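Peer 1: After the sequence you'll find the predicted model.
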There are 2 protein chains.
Amino acid sequence: MQLLGKRWTGLILFQLLMGPQRFSEIESALPVSGRLLTERLKELEKEGIVHRQIYPEVPVRVEYSLTEKGRALEPIFKDLQNWAENWVEVKE
Amino acid sequence: MQLLGKRWTGLILFQLLMGPQRFSEIESALPVSGRLLTERLKELEKEGIVHRQIYPEVPVRVEYSLTEKGRALEPIFKDLQNWAENWVEVKE
């Protein structure tokens, strides 16, 4: 459960709610370092929240997607978004 | 927003959902150190999520409670609890 609160976990999961993506796509969408992204994806995979699909192509293609357990987090993200919109001032 | 993910923040807020409490009550309800609890309560107060009420009695009484902004987090806790109940195995 601590994993959900770790830095970047929320944004990575939020990104994957939009569908399966390659590492480079996630990396370019978020201001997170490749090393940290690799670490978080490994942790999320170990917890059964993210699925890593390897396509035997040349060059090999690897895609990350949310498992059913991962998609079940969607209501929490929606609520967090609502809460942030109502209560968090964006410092201009 | 990172504050919500910090260690113990969730449990402290969940505890305060049950109503205003004194420091000692929160501290005895959670396996958190007094130092860390003090730190988190200060951060939550600064973010306007927790309110600190001082009662001019002898000895002085200090109570912590959720602000409206804090109580607005309740749906997130309910969803997180549902998710955990459905998806997180408790290792016996």
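Peer 2: Sure thing, it's come through. Numbering: from 1, shown residues only, chains lettered A, B, ... in the order given.
Peer 1: Tell me who's in contact with the closest residue to chain B within chain A.
Peer 2: With distances taken as Cβ to the nearest Cβ, chain A approaches chain B most closely at A:Gly5, which sits 3.0 Å away. For the C-beta atoms, the positions are set from N, CA and C on the backbone; glycine is no exception. The contact partners of A:Gly5, taken as Cβ atoms under 8 Å, 6 or more residues apart in numbering or on different chains, are B:4-7, B:9-10.
Peer 1: roughly how far apart are A:Asn86 and A:Asp79?
Peer 2: In this view, A:Asn86 and A:Asp79 are 11 Å apart by Cβ to Cβ, to the nearest Å.
Peer 1: I would like the residues contacting the one helix or strand A:Gln81 maps to, please.
Peer 2: In this structure, A:Gln81 sits in helix A:74-87 according to DSSP states H and E. Among residues not part of helix A:74-87, those counted as contacts by Cβ under 8 Å, 6+ apart are A:10, A:13-14, A:17, B:1, B:4, B:48, B:69, B:72-73, B:75-76, B:79-80, B:83.
Peer 1: Neighbour-wise, give me the winner out of these.
Peer 2: Comparing those by number of neighbours (other Cβ atoms under 10 Å in any protein chain shown), B:Leu73 comes first, having 23 neighbours.
Peer 1: Verify the contact between it and B:Val50 for me.
Peer 2: No. Using Cβ atoms under 8 Å, B:Leu73 is not in contact with B:Val50; the gap is 10.8 Å.
Peer 1: between those two, what contacts are shared?
Peer 2: Where contact means Cβ under 8 Å, 6+ apart, the residues bridging B:Leu73 and B:Val50 through contact with each are B:13, B:66.
Peer 1: Could you pick out the residues of chain A near chain B for me?
Peer 2: When proximity is defined by Cβ under 8 Å from any Cβ of the partner chain, chain A lies next to chain B at A:1-2, A:4-7, A:9-10, A:48, A:69, A:72-73, A:75-76, A:79-80, A:83-84, A:86-88.
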